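Participant: give the three-dimensional model of this entry:
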Amino acid sequence: LAFLPVYLLMAGFCGGLAIPFGTFVPNLFMGAAFGRLFAVVTQDSIGITGLSSPGTYALIGAGRVLGGCTRMTITVVIMIAEASGDVSIIVPLMLSVQLSRWVANFLSECYDEKMMELRRIPFLHDEVEDELAKDTAKDVMFKAVPIKVKETVGNLRDLLEDRNAHYSAFPVVSEKGSLL
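Facilitator: Take a look at the predicted model:
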């Protein structure tokens, strides 16, 4: 576990670089190292050997750090439970991942969302902006111009050549006006 401080420092330094470097594996790795360290320290200081193995603590630690950093809960629990093949860790893993998410939400914004904002990559936020909260679908939709099944080529050409129109969809309707 002597590599943990060095790896933690390197992962923190490399996270914001403009190189293909994900945070998924480093989070799993550091969480597993913290979980194993916690198990070894507590079992040595308490002296109880009947507790779970340090490997179980490593899996739960990996899930906790990954869940706190990515804010994913169910996905992390399923991935780690499937990878380990041990269904007995699901309940403690769910509790630790949810607790880490609550703490992370209280302390800071999501790392991935903050990096997307810094790089000006568009994404949808969890909350709706105030000016959009009162809009309905009718307010933001373009008016569609229906085209009948037996429309003349001249009418279609005139519709497509209209430079003032901002149409991007043309629903095809029957003579009675119902959608086909």
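Participant: restricting to C-alpha, output the helix or strand where L156 lies in PDB.
Facilitator: L156 is located in helix 153-161, with elements delineated by DSSP states H and E. C-alpha atoms of helix 153-161 as PDB (Å, rounded to 0.1, in the frame of the first residue of the first chain):
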ATOM      1  CA  VAL A 153     -45.200  18.600 -57.400                       C
ATOM      2  CA  GLY A 154     -45.600  22.400 -57.800                       C
ATOM      3  CA  ASN A 155     -46.900  22.800 -54.300                       C
ATOM      4  CA  LEU A 156     -44.100  20.700 -52.900                       C
ATOM      5  CA  ARG A 157     -41.500  22.700 -54.800                       C
ATOM      6  CA  ASP A 158     -43.000  26.000 -53.600                       C
ATOM      7  CA  LEU A 159     -43.000  24.700 -50.000                       C
ATOM      8  CA  LEU A 160     -39.400  23.600 -50.200                       C
ATOM      9  CA  GLU A 161     -38.200  26.800 -51.800                       C
END
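Participant: who's in contact with the helix or strand just after it?
Facilitator: Reading on from helix 153-161 to the C-terminus, the next helix or strand found by DSSP H and E is strand 172-173. Surrounding strand 172-173, the residues in contact under the criterion CB atoms under 8 Å, 6 or more residues apart in numbering are 146-149, 179-180. Quick note: C-beta positions are derived from backbone N, CA and C, even for glycine.
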